[in-house]
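Participant: Could you work out the structure for the sequence below:
(4 chains)
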Number of protein chains: 2
Amino acid sequence: MSRPDPATAAAAADDRHLTPQGVERKQQLLEHAARLFAERGYAETRIADIVKAAGVAKGLFYWYFENKEALFLELVQTTRHHMRQQQTAAIDPAANPLVRVRQGVEASIVFMGEQRRLYSMFDLETVDSDLREMLRRGSDVHALDTARHIRAGIDAGLVRDDDPLMLAWGVVGTVSSYSHLHRTGRLDWPLDEVARFTGRFVVRALASSDAVALDAEREDRDRFLRARA
Amino acid sequence: MSRPDPATAAAAADDRHLTPQGVERKQQLLEHAARLFAERGYAETRIADIVKAAGVAKGLFYWYFENKEALFLELVQTTRHHMRQQQTAAIDPAANPLVRVRQGVEASIVFMGEQRRLYSMFDLETVDSDLREMLRRGSDVHALDTARHIRAGIDAGLVRDDDPLMLAWGVVGTVSSYSHLHRTGRLDWPLDEVARFTGRFVVRALASSDAVALDAEREDRDRFLRARA
DNA sequence: CATTTCCTTGACCCGACGGTCAAGACGTGC
DNA sequence: GCACGTCTTGACCGTCGGGTCAAGGAAATG
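Facilitator: Predicted structure coming up:
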């Protein structure tokens, strides 16, 4: 479906050399598209809308992108990349597994909250089935990642003994739920409070005992206060 | 938007008298539509597809429904109704609040799993913004409902002291996450195991202490064994 | 200054799809 | 057998929107 014959490849080929001007124009299109997708959804955004917003002719769109789907893909990939960067930055490798999960969770909430414009089109699968598949792979990776920490947590006796991958899915699901809630404006708490609440929820769901959970929460409060100081 | 002028109301008026044959035909259309929505999504399903599947002419669709959206609405409402019935049936009013939440959660998972065809179009908001609003109101109700039990749980000292509505959103989100996972085939556990896992996850996230959580889980096992006998 | 590559334009094409309509079949009561 | 409401048909219409194209300007390259 991506490149059935050479004729199609003529438009927006992989090895297009972009001048600085071209790079900037492409960036403009991406940004306007992102804004429009977030405002009215992927399907409801016409290519005509995008080029109009950018103030260029319709044909130009196809100079930079093969089609709407290709643009969307690019948007998703770069955003995902930034998200992972943020996550790894937030996770303290020296901390215990349960705390690491909590740090990842809180970082995700904050990132998604700050980038809510972009994320409006991620978890809610407002796209056709091809793209849906791709979006799914994203959360799969996220869950697998989380599962690693959880496994370590179980080994360390910090996380209760249950299927690690299933627990990880619970974490990912919880994060995306609260983030979605916040993003859609049904929850007007400040972002960092949403993050801390979500962290608490997840820690409680995973912890092997009260003591462990309390410990992870205390550590949380400490970090929070330290960050304030 | 629903009925701007009398002319529109001509099609599928509220006070249409349906013969038994008409009722059945309408039902056929609803069922085929549900199947197709589930398979390929709301937006990707053409009215032409629906009537073709039902083996009738296109014009007939507009005899029974004002448009695609109206059909969708009808589908959502009846399904939601069944879901709530199932939930209330599963909740033992004599049980303690935490257990009641768990019962509701497990019933939801089972119901959504059995009706997965229909539910494919619910939580994932594959529809335009008007319908999205309506779908949201559905989970709002669900969360509010859950929050009542949680409040009672906090008063009884069974649920940890945190914002009840937020906790309720966590429950609803967790349920819809695991249900979604199961529905999309990324989780091939038997349905009742998914339900019990989800119940456990939620109970742990809410419980005020290990003892309380263990108690609710033990009660769970007991019920399970009793049901088997 | 010639040539090539990049960038931009907007009119145009065409298929898809939601929705309409005139015409007729079937059944029921009078 | 007539009249009326229910039900069914499929051709037809209009619009919307993705995608194409021929043409030309602007900038780099040689």
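Participant: What lies in contact with stretch A:139-146?
Facilitator: A:101, A:104, A:123, A:165, A:168, A:169, A:171, A:172, A:176, B:186 (CB atoms under 8 Å, 6 or more residues apart in numbering or on different chains). No exception for glycine: its C-beta is placed from N, CA and C like everyone else's.
Participant: Same check on stretch A:171-184?
Facilitator: By CB under 8 Å, 6+ apart, stretch A:171-184 touches A:101, A:105, A:108-109, A:112-113, A:116, A:119-120, A:123-124, A:139, A:142-143, A:146, A:150, A:187, A:189, A:191, A:194, A:197-198, A:201-202, A:205-206, B:136, B:169-170, B:172-174, B:176-178, B:180-181.
Participant: Pass me the low-pLDDT residue ranges in chain A, would you?
Facilitator: A:1-16, A:122-130, A:219-229 (pLDDT under 70).
Participant: that older thread, closest to DNA strand D out of the contacts of stretch A:139-146?
Facilitator: residue A:123 (22.3 Å; CB to the nearest atom of the strand).
Participant: Enumerate the residues of chain A near DNA strand C.
Facilitator: Selection of chain A residues close to DNA strand C by CB under 7 Å from any atom of the strand yields A:16-19, A:21-23, A:25, A:55-60, A:63.
Participant: Using PyMOL, define a selection of the buried residues within those.
Facilitator: A single PyMOL command selects the buried members of the residues of chain A next to DNA strand C (16 or more other CB atoms under 10 Å in any protein chain shown):
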select buried, chain A and resi 25+56+63
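Participant: Which two of the residues of chain A next to DNA strand C have the greatest separation?
Facilitator: A:17 and A:55 (24.1 Å; CB to CB).
Participant: So which residues on chain A come close to chain B?
Facilitator: Residues of chain A lying close to chain B by CB under 8 Å from any CB of the partner chain are A:40-41, A:43-44, A:124-126, A:128-129, A:136, A:140, A:160, A:162-163, A:166-167, A:169-170, A:172-174, A:176-178, A:180-181, A:184, A:186-187, A:197, A:200-202, A:204-207, A:209-210.
Participant: ok, now with 6 Å
Facilitator: Within chain A, the positions adjacent to chain B are A:43, A:124-125, A:166, A:169-170, A:173, A:177, A:181, A:197, A:201, A:204-205, A:209-210 by CB under 6 Å from any CB of the partner chain.
Participant: Now the buried members of those.
Facilitator: A:43, A:124-125, A:166, A:169-170, A:173, A:177, A:181, A:197, A:201, A:204-205, A:210.
Participant: residues of whatever helix or strand residue A:177 lives in that come out buried?
Facilitator: If you go by DSSP states H and E, residue A:177 is part of helix A:164-183. For helix A:164-183, burial by neighbour count (16+ other CB under 10 Å) applies to A:164, A:166-183.
Participant: Give me the buried positions along the helix or strand that that helix is followed by.
Facilitator: Next in sequence after helix A:164-183, counting helices and strands by DSSP H and E, comes helix A:191-206. Within helix A:191-206, the residues that count as buried by 16+ other CB under 10 Å are A:191, A:194-206.
Participant: Just give me the closest of these to residue A:84.
Facilitator: Nearest to residue A:84 among these, with distances taken as CB to CB, is residue A:195, at 17.2 Å.
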